[in-house]
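[1] Give me a 3D structure for the following:
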Amino acid sequence: MPFSLPSSCRFVLPLVLLATLLLAACSRRPAPPRVLAQDVYVWQRQWTPALRAALSTSNPQVTRWHVLAAELGASGRWIDIGPDAASLAATGKPLLMTVRINGQLARFDGAAIEAHLLALLDAWRAQGLSPAALEIDYDCATARLPEYTAFLLRLKTRIAPLALAVTALPTWLDSPRLDALLASADESVLQVHAVLDPRQGLFDPVRAREWMVRYAGRTAHPWHVALPAYGSRVVWDDQGRIAAVESERALLAGGSGRELMAQPQVLARFVSALTSSPEPGLAGITWFRLPTGDDRRAWSLATWMAVLERRPPKPELAARMVASATGPLHEIRLDNTGDADAPLPLRISINARGDAGNACAADGINGYALEHDRRGSYLRLTQAGLLRAGASREIGWLRCADGILPHDTVLQIGS
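    Below is the predicted model:
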């Protein structure tokens with residue numbers, strides 16, 4: 001005999017069920033932001049004490065280390081970089097053995113390159129290092145993608161079961177060959193910095209996000225996005241062509257130069273947006289490159305750590321006069337007393353009128369020039385850059401006839 005409820009209960013149970021569902025829905029909390037892995041490129045050729053210190057300090061915030069193991073230049077010459085096995089092993093983190101192949105390589109000899117990579121893997125393992133993946137960084141022309149893909153497929157069978165990773169460029173997004181290349185590797189890193197004309201800057205957050213959206217639809221494997229924590233000096237020749245790009249290494253290049261710098265505040269906001277709403281398949285961020293105290297064109301370690309730890313970078317800039325120990329000269333110094341690097345200000349006004357008997361002269365140095373307008377004298381920035389957290393920089397001088405500054409001398413930072 002079928003079981004049936006009394007008619008009075010038939011109305012109560014649906015109401016109870018509805019109330020239960022409503023309470024469950026109200027009790028749910030919003031899903032926490034997705035945790036994105038934070039990988040880092042170790043791109044230095046020399047393992048200095050500053051590099052070892054940066055590795056140790058930042059290690060708690062780092063998921064994996066991408067360690068530059070060798071570079072194949074455009075001429076076909078290899079430069080192998082011996083890692084500090086003890087320092088890397090001490091991190092306890094997975095390592096990717098990264099090999100850079102110059103995109104301007106005239107002849108791609110796949111067999112010779114493969115043989116060199118296998119020898120490098122043997123050398124690492126002989127030192128007690130067990131890489132989690134072999135990463136190939138090859139910024140080739142889009143037309144070379146089929147040749148590159150065929151090389152990766154052969155290489156993957158030779159290094160198995162070791163994972164294979166590749167880097168990718170936004171310029172490849174228009175090629176139907178990109179899907180096959182990404183399918184040949186286990187993971188990839190999309191580079192969104194230093195890929196435009198240098199006149200457009202080092203990093204464009206809007207363009208970068210557009211590239212990421214398109215890239216997510218082209219790969220079925222996990223992927224990272226490479227973000228900048230550095231700067232570069234771009235040098236043009238007399239014909240307006242790029243003569244050199246100086247980043248982690250200084251080059252002997254003449255011509256006019258322009259300093260480009262990734263802004264920490266811009267990157268911090270970009271990372272926050274990624275964390276709140278990542279693209280499909282995005283596994284994490286890969287920072288280029290690990291900042292050290294020796295690196296003149298990278299963020300300070302303090303600034304980078306603030307971004308890694310999701311703390312808003314807070315620079316504190318102030319301009320001041322410092323009297324010379326001898327003579328009437330006063331230095332004009334710019335201090336950053338905050339815990340984050342700051343872009344050098346575009347303008348610092350100088351109010352030092354003096355009187356007829358105490359005339360004052362001034363000038364700018366170290367990337368600043370003295371200029372005048374209807375508002376008075378000021379130092380104008382001529383070479384962009386960052387003032388690191390806790391650092392000070394001499395940017396000009398003021399000399400008054402009797403060595404005494406006018407009582408109303410004021411330095412004011414402005415735009």
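[2] and Pro343, how many neighbours?
    16 (other CB atoms under 10 Å). For every residue, glycine as well, the C-beta is placed using N, CA and C.
[3] wait, Cys400
    The burial count for Cys400: 20, using other CB under 10 Å.
[4] Now it: closest residue in space that isn't a chain neighbour?
    Cys360 (4.3 Å; CB to CB, 6 or more residues apart in numbering).
[5] How about the backbone phi and psi for that neighbour?
    Backbone torsions for Cys360, taken as degrees, to the nearest 10, come to phi -120, psi 140.
[6] Touching, it and Ser377? I think so.
    No: assessed by CB atoms under 8 Å, Cys360 is found out of contact with Ser377, at 9.3 Å.
[7] Of these two, give the one with the bigger neighbour count.
    Using other CB under 10 Å as the criterion, Cys360 and Ser377 rank with Cys360 on top: 21 against 18.
[8] And that one, how close does it get to Leu88?
    56 Å (CB to CB, to the nearest Å).
[9] how about Ala283, what does it touch?
    Contact analysis of Ala283 by CB atoms under 8 Å, 6 or more residues apart in numbering lists Leu36, Ala37, Glu187, Pro222, Trp223, His224.
[10] and if you look at Met212?
    Applying CB under 8 Å, 6+ apart to Met212 gives the contacts Leu190, Val192, Val225, Glu279, Leu282.
[11] Would you mind measuring from the fourth one to Arg333?
    In this case it means Glu279. Distance from Glu279 to Arg333, by CB to CB: 44 Å.
[12] Run through the strands of the stretch 101-250 of the chain in chain order.
    For the stretch 101-250 of the chain, strands defined by DSSP state E, counting those that start in this stretch occupy the ranges 133-138, 163-168, 187-191, 223-228, 231-236, 242-246.
[13] which residues in the stretch 201-350 of the chain form helices?
    205-216, 264-276, 301-308 (DSSP state H, counting those that start in this stretch).
[14] tell me the most buried of the ones you listed?
    The highest mean neighbour count among these, using mean count of other CB atoms under 10 Å, belongs to helix 301-308: a mean of 22.
[15] Direction included, what does the one helix or strand Leu68 maps to pair against?
    Using DSSP states H and E, Leu68 falls within strand 65-72. Neighbouring strands of strand 65-72 in its sheet, by DSSP bridges, are strand 37-42 (parallel), strand 78-80 (antiparallel), strand 95-101 (parallel).
[16] Dump the ones you listed into a markdown table; add distance to His372, mean neighbour count and mean pLDDT as well.
    Formatted as a markdown table, the strands paired with strand 65-72 follow (distance: least, CB to CB, whole Å; neighbours: other CB atoms under 10 Å; pLDDT from 0 to 100):
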| stretch | distance to His372 | mean neighbour count | mean pLDDT |
| --- | --- | --- | --- |
| strand 37-42 | 45 | 22 | 98 |
| strand 78-80 | 50 | 12 | 98 |
| strand 95-101 | 48 | 22 | 98 |
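[17] could those be laid out in a markdown table, adding distance to Arg289?
    Formatted as a markdown table, the strands paired with strand 65-72 follow (distance: least, CB to CB, whole Å):
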| stretch | distance to Arg289 |
| --- | --- |
| strand 37-42 | 5 |
| strand 78-80 | 17 |
| strand 95-101 | 11 |
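[18] Show me the one of these that comes nearest Pro146.
    Closest of those to Pro146 is strand 95-101, at 16.1 Å (criterion: CB to CB).
[19] Name all residues that make contact with the residue nearest to Gln412 when sequence neighbours are not counted.
    In space, and not counting its chain neighbours, Gln412 is closest to Ser349: 4.4 Å by CB to CB, 6+ apart. For Ser349, the contact set (CB under 8 Å, 6+ apart) comprises Arg375, Gly376, Ser377, Tyr378, Val410, Leu411, Gln412, Gly414.
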